[in-house]
Each structure stands twice: as C-alpha cells, then as structure tokens.
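K.L.:
How does the following fold in three dimensions:
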Amino acid sequence: MDKVFMILSSADMVVHEELSFKYAFNAVKHSWMDEVRVILWGPTEIMAAENEDFAEQVRILIAGGVEVIACKACSDGFGVSEKLEEVGIKVQYVGTLVTEMLKDGWYQLTF
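P.N.:
A predicted model of the protein is given here:
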C-alpha cells in the first residue's frame, strides 16, 4: 500500500497553490497513492486560521479525501487551535504520529 504524508510549513502561499495543494489533491483524485495526509506545522497553521484562500484550499482537500492534521503544540502556542478545528482540520500532537508513519514506511514530502 502506497502512503504519503506531506508536511506543510512554508509561509509562501505560492508554494501551496502551485505545488503542495495540487499534489495532495491529485494524488487522491488519480489514485497515485492509497492514503494521503497533510500535516500543517508552524506557519501554515497561522495561514489556515487567518488566510481565507488557504483555508478554502484546505477544505477542498478534506472534501476530496485528504486527511489534514495540525500540530496541537504549535496551534495552541499560536492560539489558533479552535479556528483550525472550525475549518475542519484535525488538531493533535504530531511528533509521535510522524515517527510512526516514518517507521511504517510512509513516503514523506515537505513544503
């Protein structure tokens, strides 16, 4: 089973509009991967909470079958956990999750 998780940490909206969102969406749509997860970590959590264009792209990913998760430690620190949950993002601690996915053979992409 092919699985990929993508860590989105860049505050550059162009990176996400032109690369990360498109890959995640198409990986599900065209069955390139059996499972796709997007992890928002750091600056992208602020973007998802404060930038409506970014949040809308995240909603499209979720509706398309991509699991989107935000790092709880970061989002609590930024004060945006509740706002991220309103967007539909799962907010949880991700350190252990990332470690488990790496050990389980998931592919990783970082943007």
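K.L.:
Spatially central residue for the protein, please.
P.N.:
Central residue of the chain (CA atoms, centre = their mean): residue 38, 2.7 Å from the mean position.
K.L.:
Name all residues that make contact with it.
P.N.:
5-6, 8, 20, 24, 58, 61, 66-69 (CB atoms under 8 Å, 6 or more residues apart in numbering). Bear in mind the C-beta positions are built from the backbone N, C-alpha and C, glycine included.
K.L.:
sec struct for it, please.
P.N.:
Classification of residue 38 using DSSP: H, G, I helix; E, B strand; the rest coil returns strand.
K.L.:
beta partners for it?
P.N.:
Residue 38 has these beta-bridge partners by DSSP bridges: residue 6, residue 68.
K.L.:
From residue 49, how far off is it?
P.N.:
The gap separating residue 38 from residue 49 is 15 Å, by CB to CB, to the nearest Å.
K.L.:
which helices and strands does the helix or strand residue 61 falls within pack with?
P.N.:
Per DSSP states H and E, residue 61 falls inside helix 52-63. In terms of contacts (3 or more CB pairs under 8 Å, 6 or more residues apart in numbering; DSSP states H and E), helix 52-63 is packed against helix 21-29, strand 35-40, helix 43-50, strand 67-71, helix 81-87.
K.L.:
Other residues contacting whatever helix or strand comes next after the fourth one?
P.N.:
Proceeding C-terminally, strand 67-71 gives way to helix 72-78 as the next helix or strand, assigned by DSSP H and E. The contact list for helix 72-78, computed with CB under 8 Å, 6+ apart, reads 41-42, 45-46, 49, 81, 84, 91-95.
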